[in-house]
Each structure stands twice: as C-alpha cells, then as structure tokens.
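Engineer: Dropping a prediction and its sequence here:
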Amino acid sequence: MGSVSVSDLKANLSRYLREVRRGGEIQVLDRGNPIARLVPPAIVGDSHRERLISAGVLRPGQGDSAAILQEPPLELQTSISEALDLDRADRL
C-alpha cells in the first residue's frame, strides 16, 4: 500500500485513481497522520484476511492444522531462559 499526502493526492489525483483501479490501495496522510484509505470497491467490506490473500501477501494453509497439536514438542538442547540470556548478553 502506498502513502500520499493530501496535497500530492490533489495534484495527481488521476494517477492515484488509476493505481486504485488496478487493485492498489492508497493511504492518504495529513501532516504525516493517516486520515483515509482509497481502495477499489470490490474489496470494500472484505475481511482483512481476504484482502491479504488477494494481494498475495498471505497464502492460506492447507490440510488439518489440528494434527500439529498431536505431535510431541521439540527436544531442545538448551532451556528457553538460557537461550534468551545468550541472545540478550550483548545488550547488557
């Protein structure tokens, strides 16, 4: 999703509308704060998940996810607290 200031949107409205017609989304900023979003009518009302799928950002899973819960947990060589201590050691 692209972002554009209100003044740039006014100056180049046709260009941004073409982008939205092709399926893009434009976030409108007023002094750096988001105030609106231009989206094609086909995706207004769709769920966030469906929009991510249609944009190619999210790929829906396949199969039975409940089967994962039946598998035993991974055997780790170290404890989670030791791994966190090691990861955070350079920040102390």
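Structural biologist: Now that the structure is in, tell me what you want to look at.

Engineer: List the buried residues in the helix or strand encompassing residue 10.
Structural biologist: Element membership for residue 10 (DSSP states H and E) is helix 6-11. Within helix 6-11, the residues that count as buried by 16 or more other CB atoms under 10 Å are residue 9. Glycine gets a C-beta too; all of them are placed from N, C-alpha and C.

Engineer: Mind checking the pLDDT average for that helix?
Structural biologist: What helix 6-11 shows for mean pLDDT is 95.

Engineer: Same check on stretch 61-76?
Structural biologist: The average of the pLDDT scores along stretch 61-76 is 84.

Engineer: what about that stretch, how long is it end to end?
Structural biologist: Using CA to CA, to the nearest Å, one end of stretch 61-76 lies 26 Å from the other.

Engineer: How about stretch 8-18?
Structural biologist: 15 Å.

Engineer: Helices of this protein, residue ranges please.
Structural biologist: Applying DSSP state H to the chain gives helices spanning 6-11, 13-21, 48-54, 66-70, 80-88.

Engineer: For the fourth one, buried residues please.
Structural biologist: By that I understand helix 66-70. Result for helix 66-70 [16+ other CB under 10 Å]: no buried residues.
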